[in-house]
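Pasting a predicted model and its sequence here:
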There are 2 protein chains.
Amino acid sequence: MKLKLKTIKGCIVAPTGFLASGVFCDIKKLGTGKGSNKGQKRDLALIVSEAPATVAGMFTTNQVCAAPVKVCMERMKKGTAQVVVVNSGNANACTGKQGMADAREMVSFTEKTLALSAGRGLVGSTGRIGVTMPMDNIRAGILEAAMELGGTAAHADRATEAIMTSDTKPKQVAVEFKLGRHTVRIGGICKGAGMIQPGMSATGARPAALPHGGLHATMLGFITTDVAIDQKVLQAALNEAVAHSFNRITVDGDMSTNDTVLVLANGLAGNEKLTAKNAKLGIFQAALNHVCLELAKMIVRDGEGVHRVVTVRVNGAKTIQDADAAARAVANSALVKTSWHGGDPNWGRIIDAIGYSAATVAEEKIDIGYSAPAKAKVLWSLKHGQPTKATFKQLCIAVAPKEFDLHINLNLGKAKAVMYACDLTEAYVDYNKGDVTDPTTLGG
Amino acid sequence: MKLKLKTIKGCIVAPTGFLASGVFCDIKKLGTGKGSNKGQKRDLALIVSEAPATVAGMFTTNQVCAAPVKVCMERMKKGTAQVVVVNSGNANACTGKQGMADAREMVSFTEKTLALSAGRGLVGSTGRIGVTMPMDNIRAGILEAAMELGGTAAHADRATEAIMTSDTKPKQVAVEFKLGRHTVRIGGICKGAGMIQPGMSATGARPAALPHGGLHATMLGFITTDVAIDQKVLQAALNEAVAHSFNRITVDGDMSTNDTVLVLANGLAGNEKLTAKNAKLGIFQAALNHVCLELAKMIVRDGEGVHRVVTVRVNGAKTIQDADAAARAVANSALVKTSWHGGDPNWGRIIDAIGYSAATVAEEKIDIGYSAPAKAKVLWSLKHGQPTKATFKQLCIAVAPKEFDLHINLNLGKAKAVMYACDLTEAYVDYNKGDVTDPTTLGG
């Protein structure tokens, strides 16, 4: 099915009938005054649909799961939502009964403030684990954010800033495409940076071939669209899109307690409601896949201390689980990641990681090579377990760019997997060791 | 069984009838002249028993396994050996048929040089992967090392230096104890530093609850003893000792292609041969456990860039596999390790890692606390998933020392596991990124 995607401005407010806002309410209690915004990064966002929206979500499979994630998973059963309240600076994780009460109050207070019926609110949080929420600041922030709601790109930019933590860049995308005669839009924002190796599912139950170690720093993603779509079909489409995007990235291999992706579809594009049988579903799926993958790649590029982004492409595995295991072992190997940082085409460390992965492999069959991002022309450093004639200098040139693809062929089957990975730098270590004399520097 | 261990000098030559030597033969071909030793670190060692010795070994379970490991595993079937030739500077891994031929020639050339019957030699290698062995230098080194064999501590020191790679300190231990009226000695040396998360077995076959990700830098361990012992009993004793020492350490979570532990028992202590039925076997087992654990801890303390050593003690797991999975997830989490480097008692990152591990856990049951090494008095930061009254300052003091124990109780069962771990520092990254303009800086 041919897809014509047009990239547009406005991210989450690009689709018809969505509003957003972002304010500073001092959630870290830096003491600059509640509600004031004297040069402080915004820390509370609202994303609102003018009409009730069909909703789908994907959530961390970490057994230690934050209160806002639990609240969202409960509310997914309704299948409808109209507002998402999101804060940065506090993850509301490992906060016990108080944390659950606070997460529930965040949504109910938001619903009341916007005069929405109960159950229409969803919530996301990111920040330090184990600190109870400063609810006075949160309530003040929700009131201010409600007053500042708007549908311009500037409003969406403020919401984008409000969900950032160690992110250095805002992460936004929006696309427009045709479903027959109807114009449909999908917009999205996300945040990441550290504690990044999401392994999300719709229920929090862990599917096969998910990392049991991964990145760290929560990832949050919020997607809006004006398409009309059946709820089960929307959830299935999100599962598919996340499986090939957010669940394929790793920064530091630590899976967060808060990873969340939500999509709200308010139907205001006026298209005939998409169902599993609808031939146009493929167009929407392709567009959603594009939005999720673009956002996911932005997370890796802006990962904590990241200098190089490497797409690890494993082919020829016996099973998908094997392909995934080999790709994750390479993508999370401290030695492979430091060699990427050094510009060292160290295939020895790569084949070592493949060898200790859970994947079934045969040393004498393994190929390892490099290409420019998404290019077919591969410079092979290893063929069937043996070094090729490629010189060290040629290989150094192949791994010198800020982004390149690593190609691994196990030559044992037809299964494949991709991981979007990055290097490990002194900057990552320096950032995450923090400064105990200044607890505001201590990340999640 | 009460064990009186006396620590003595001489490491691998402390037991009766062992000789050692270490020379420089320019295996990295730094160009300072074959055989010369102008200020260069020694890179080839011999360890010889005057009498044929019963032998046992443990080897990497990495599916990509170096030629010397394959040669040793073949020769374990004989159950007897008399000499081990070891080199640093080249791992002889991923070197194909040539590598196997080179490893076989290293042992046969050593056997001929020492006028030993064929099949009495074993071999170990560590260094860069994927480079064929400089056999002219190796042969010259073996000839020189054979001439320099001796039974003094100085000879053992030279052998210890010769197996070091990124190690900053030699790693040696020797103990003496009584088996009835006989005095028995066990000595050992090892090397580690990076690519360190060994998962060894006697056959290379991977047992349950082994890392599929771990440390990196080969670990080699060579243990000598004059005890008289049955070969199957010696192998079983080594399995037990390694399971609680070398297989419980991690520096960077990368399992090497070359990890090897060998023990030679020449029987010259004159004790009644130890069998499975022999009541004195427990004494020998306890002594061997002590030697292996002391050596394993030295590897972690001297890991690449390591500033802090943390013993992760998981208790209350449903199964040993769960205890192991939780301990390894915490011990290998980039965020936990950087927080240790920063002196940040960040239990949020610890419980997050426990939560994404393969272990079955319940957030509301998890306890996390700290103590001085091997002390019972624990300062708890978390009880049943909730922060205790311990202050941030108190917790900072608990994680400030160069070495401390991390106590995790899952409160779900009776299974336990220990991991000897370390922090992740800028120095580790800086060392392992190397300098491609000087390939001699590029590690294994």
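Cool, the structure landed.

what about stretch A:121-138, average pLDDT?
The average pLDDT within stretch A:121-138 is 93.

does chain B sit close to that stretch?
Yes: counting by Cβ under 8 Å from any Cβ of the partner chain, chain B has neighbours in stretch A:121-138: A:128, A:129, A:130. C-beta: built from backbone N, CA, C; applies to glycine.

Could you list the paired strands of the host helix or strand of residue A:381 along with their orientation?
Here residue A:381 sits within strand A:379-383, counting by DSSP states H and E. According to DSSP bridges, strand A:379-383 forms sheet pairs with strand A:367-371 (antiparallel), strand A:386-387 (antiparallel).

Report the separation between the two terminal residues of stretch A:416-435.
42 Å (Cα to Cα, to the nearest Å).

Which residues belonging to that stretch are considered buried?
A:416-434 (16 or more other Cβ atoms under 10 Å in any protein chain shown).

and that stretch, is it in reach of chain B?
Yes: using Cβ under 8 Å from any Cβ, we find that stretch A:416-435 touches chain B at A:424, A:425, A:426, A:428, A:429, A:430, A:432, A:433, A:434, A:435.

what's the farthest-apart pair in these?
Comparing every pair within these by Cβ to Cβ identifies A:424 and A:435 as the most remote, at 20.4 Å.

So for the closest residue to residue A:411 other than its chain neighbours, what pLDDT did the model give?
Distance criterion Cβ to Cβ, 6 or more residues apart in numbering or on different chains; nearest residue to residue A:411, sequence neighbours excluded, is residue A:365 at 4.1 Å. You'll see residue A:365 listed with a pLDDT of 97.

Relative to residue B:183, which of the strands paired with strand A:379-383 is closest?
Residue B:183 lies closest to strand A:386-387 among the strands paired with strand A:379-383, at 51.1 Å (Cβ to Cβ).

In terms of secondary structure, what does the helix or strand that the closest one is followed by contact?
Where DSSP H and E defines the elements, the next helix or strand beyond strand A:386-387 is helix A:392-398. On a contact count with 3 or more Cβ pairs under 8 Å, 6 or more residues apart in numbering or on different chains; DSSP states H and E, helix A:392-398 meets strand A:367-371, strand A:379-383.

With only the CA atoms kept, save helix A:392-398 in CSV.
The C-alpha coordinates for helix A:392-398 follow below in CSV (Å, rounded to 0.1, in the frame of the first residue of the first chain):
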residue,chain,number,x,y,z
PHE,A,392,42.0,-1.4,10.0
LYS,A,393,42.0,2.1,8.4
GLN,A,394,39.1,1.3,6.2
LEU,A,395,37.1,-0.1,9.1
CYS,A,396,38.0,3.0,11.3
ILE,A,397,36.6,5.2,8.5
ALA,A,398,33.4,3.1,8.5
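
Would you mark the buried spots in it?
A:395, A:396, A:398.

same deal with stretch A:380-387?
In stretch A:380-387, counting by 16+ other Cβ under 10 Å, buried: A:380, A:381, A:382, A:383, A:385, A:386, A:387.

now, which of those sits nearest residue B:6?
Of the buried residues of stretch A:380-387, the one sitting nearest to residue B:6 (Cβ to Cβ) turns out to be residue A:385, at 48.2 Å.

my read: that closest one touches residue A:366, true?
Yes: with contact defined as Cβ atoms under 8 Å, residue A:385 counts as touching residue A:366 (5.3 Å).

residues in contact with the strand holding residue A:381?
A:345, A:347, A:351, A:366-371, A:387-388, A:390, A:394-395, A:398, A:407, B:94, B:130 (Cβ atoms under 8 Å, 6 or more residues apart in numbering or on different chains).

redo that, cut-off 6 Å
A:345, A:347, A:367, A:368, A:369, A:370, A:388, A:390, A:395, A:398 (Cβ atoms under 6 Å, 6 or more residues apart in numbering or on different chains).

Show me what the longest helix seen in chain A packs onto, helices and strands only.
Using DSSP state H to define each element, chain A has its longest helix at helix A:281-301. Counting contacts by 3 or more Cβ pairs under 6 Å, 6 or more residues apart in numbering or on different chains; DSSP states H and E, helix A:281-301 is packed against strand A:171-179, strand A:182-191, helix A:231-243, strand A:415-422.

care to break chain A down by domain?
Listed domain ranges for chain A are A:6-301, A:309-424 (source: automatic domain parsing).

Lowest mean pLDDT across those domains, which one is that?
domain A:6-301 (a mean of 90).

Now do the end-to-end distance for that one.
23 Å.

Please compute how far that domain lies from its chain's middle.
10 Å (Cα atoms, centre = their mean, to the nearest Å).

Could you give the bridge partners of the closest residue to residue A:378 other than its chain neighbours?
Distances taken as Cβ to Cβ, 6+ apart place residue A:369 nearest to residue A:378, at 4.2 Å, with adjacent residues excluded. Beta-bridge pairing of residue A:369 under DSSP bridges involves residue A:380, residue A:407.

ditto for residue A:88
Residue A:88 has the following beta-bridge partners by DSSP bridges: residue A:126.

Please name the residues that touch residue A:317.
A:323, A:410, A:413, A:415.

what's the residue nearest to it when sequence neighbours are not counted in contact with, if anything?
Counting by Cβ to Cβ, 6+ apart, residue A:317 lies nearest to residue A:323, which is 3.6 Å off, once chain neighbours are set aside. Residue A:323 makes contacts with A:314, A:317, A:415, A:416, A:417, as judged by Cβ under 6 Å, 6+ apart.

Out of the residues of stretch A:121-138 next to chain B, give me the one that has the most neighbours.
Neighbour counts for the residues of stretch A:121-138 next to chain B (other Cβ atoms under 10 Å in any protein chain shown) peak at residue A:129, which has 26 neighbours.

any idea which element the closest residue in space to that residue that isn't next to it in sequence lies in?
Sequence neighbours aside, residue B:348 is the residue nearest to residue A:129 in space, at 2.8 Å (criterion: Cβ to Cβ, 6+ apart). Taking DSSP H and E as the criterion, residue B:348 maps to helix B:347-356.

Could you figure out how far that helix is turned away from strand B:379-383?
On the basis of axes from the mean of the first three to the mean of the last three Cα atoms, to 10 degrees, helix B:347-356 is oriented at 50 degrees to strand B:379-383.

helices or strands up against helix B:347-356?
helix B:320-332, helix B:334-342.

Contacts for the shortest one next, please.
Read it as helix B:334-342. Helix B:334-342 has contacts (Cβ under 6 Å, 6+ apart) with A:195, A:216, A:252, A:254, A:429, A:432-434, B:307-308, B:310, B:330, B:346, B:349-350, B:353, B:423-425.

about what we covered before: residue B:161 is nearest to which of the strands paired with strand A:379-383?
Nearest of the strands paired with strand A:379-383 (Cβ to Cβ): strand A:386-387, 29.9 Å.

Run a quick check on residue A:149 versus residue A:18, I expect a contact.
No: using Cβ atoms under 6 Å, residue A:149 is not in contact with residue A:18, being 10.0 Å away.

Name the residue in the two with the higher neighbour count.
Set side by side, residue A:149 and residue A:18 show unequal neighbour counts under other Cβ under 10 Å, the larger going to residue A:18 at 28 against 18.

List the residues that contact that one.
Counted by Cβ under 6 Å, 6+ apart, residue A:18 has contacts A:12, A:49, A:224.

measure it to residue A:50 for me?
7 Å (Cβ to Cβ, to the nearest Å).

Only whichever of the contacts of residue A:317 are buried, select them in PyMOL.
In PyMOL, a selection of the buried entries from those looks like this (16+ other Cβ under 10 Å):
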select buried, chain A and resi 323+410+415
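
List just the nearest of the contacts of residue A:317 to residue B:75.
Nearest to residue B:75 among the contacts of residue A:317: residue A:410, at 29.9 Å, using Cβ to Cβ.
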